[in-house]
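1. Whatever this is, show me its structure:
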Amino acid sequence: MSIIKFAFGECFLGQVLVASTDKGICAIAIGDESAQLLADLSANFPKAQLQADESVSVVAAKVVAFINNPQIDFTLALDIRGTQFQTQVWQFLQQIPVGQTMSYAEIAKQISSPTAARAVARACATNKLAVVIPCHRVIRGDGSLSGYRWGLTRKSQLLAKEKLLAK
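-> Below is the predicted model of the structure:
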């Protein structure tokens, strides 16, 4: 059984849960209630032993600083878990500059899978690393906002903040 250590922080979007393995951060979640975030972590990693750990609070503080200002360098190790396609999408998302957005179809084309817009959307929906893997920067082809694991209001707030920072 693997051990996942976690801690909570707070940012302009609400509560932040940061979870880490010995390889790096495996989950960053944003919500209104820490109990719900912890329940979601347990559901996402059902075979793991979850442990609150004060040492992860230092990591959580760095994550919160990044959420509040995504222009700073984020150099913490990540323990990314997904299929090869999901990993490819998530790596591409990390290259989208702060203040910019792309559509699911544009990303599919950029990763040489032009018919995989729905698969790109599914990869975004399964992303467990809020903001660090910026799926909030992905929008519909018509420019409108679409689903976001942590809520459309938070997606809108993140994009508005990033537009201001990018000016």
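
2. The one helix or strand Ala39 maps to packs against which elements?
-> Assigned by DSSP states H and E, Ala39 belongs to helix 34-44. Applying 3 or more CB pairs under 8 Å, 6 or more residues apart in numbering; DSSP states H and E, we find helix 34-44 packed against strand 3-11, strand 14-20, strand 25-31, strand 49-52. Yep, even glycine has a C-beta here, placed from its N, CA and C like the rest.

3. For Gln100, which residues are in contact?
-> 137, 166 (CB atoms under 8 Å, 6 or more residues apart in numbering).

4. who touches the helix or strand bottoming out on mean pLDDT in the chain?
-> When the helices and strands of the chain are scored by mean pLDDT, DSSP states H and E, helix 152-166 comes last with a mean of 93. For helix 152-166, the external contacting residues (CB under 8 Å, 6+ apart) are 12-14, 30, 69-71, 97-101, 131, 136-137, 145, 148.

5. Could you list the domains of this protein?
-> Per automatic domain parsing, the domain ranges recorded for the chain read 3-68, 84-166.

6. how about those domains, which one is nearest Ala77?
-> domain 3-68 (3.1 Å; CB to CB).

7. What residues of stretch 159-167 count as buried?
-> 159, 161-162 (16 or more other CB atoms under 10 Å).

8. same thing with stretch 43-51?
-> For stretch 43-51, by 16+ other CB under 10 Å, it's 44-45, 48.

9. Format those as TSV; extra columns: distance to Ala35 and pLDDT.
-> Shown next, in TSV, are the buried residues of stretch 43-51 (distance: CB to CB, whole Å; pLDDT from 0 to 100):
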residue	distance to Ala35	pLDDT
Asn44	15	94
Phe45	16	96
Ala48	18	96
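
10. any chance of those in CSV, plus distance to Val59?
-> Putting these into CSV (distance: CB to CB, whole Å) gives the following:
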residue, distance to Val59
Asn44, 18
Phe45, 17
Ala48, 17
